[in-house]
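Peer 1: just need the structure, nothing else, for what follows:
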Amino acid sequence: MSFDSGDFEKMSFTIKSAHSIFGDTQVANAVPAIVESFNQLSIKEQLVLLWFIGEMLRKLR
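Peer 2: Residues are numbered from 1 along each chain as shown. Sure, this is the predicted structure:
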């Protein structure tokens, strides 16, 4: 599966859609703010952040 940058622009999160994904957790309230902050990063910064998160998750295994 491959994605282009347009795929991510189509992804829109709202409090309502986040609650449908995360149910009754406090996480749903943070999703739109996190996505907005991520979208403000440059492409290079986004890639670095995704790499870093991937490395941290890999170490948790």
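
Peer 1: by mean pLDDT, flag the weakest helix or strand of the chain.
Peer 2: Taking mean pLDDT, DSSP states H and E as the measure, the chain has helix 5-9 as its least confident helix or strand, at a mean of 52.

Peer 1: which parts of stretch 34-44 are buried?
Peer 2: Val35 (16 or more other CB atoms under 10 Å). For glycine as for every other residue, the C-beta is placed from the backbone atoms N, C-alpha and C.

Peer 1: what's the end-to-end length of that stretch?
Peer 2: By CA to CA, to the nearest Å, the extent of stretch 34-44 from end to end equals 17 Å.

Peer 1: tell me the SS of Leu41?
Peer 2: Classification of Leu41 using DSSP: H, G, I helix; E, B strand; the rest coil returns coil.

Peer 1: how much space between the nearest residue to it once chain neighbours are set aside and Ala33?
Peer 2: Once flanking residues are discounted, Leu41 sits nearest to Leu49: 6.7 Å by CB to CB, 6 or more residues apart in numbering. Separation of Leu49 from Ala33 (CB to CB, to the nearest Å): 15 Å.

Peer 1: now do the helix or strand containing the residue nearest to Leu41: which elements does it pack against?
Peer 2: According to DSSP states H and E, Leu49 maps onto helix 43-60. Helix 43-60 sits against no helix or strand, with contacts defined as 3 or more CB pairs under 8 Å, 6 or more residues apart in numbering; DSSP states H and E.

Peer 1: let's see that with 10 Å instead.
Peer 2: helix 5-9, helix 27-39 (3 or more CB pairs under 10 Å, 6 or more residues apart in numbering; DSSP states H and E).

Peer 1: tell me the angle the longest one makes with helix 43-60.
Peer 2: Looking back up the chat, that one is helix 27-39. 140 degrees (axes from the mean of the first three to the mean of the last three CA atoms, to 10 degrees).

Peer 1: the helix holding Leu49: which residues count as buried?
Peer 2: By 16+ other CB under 10 Å, helix 43-60 has no buried positions at all.
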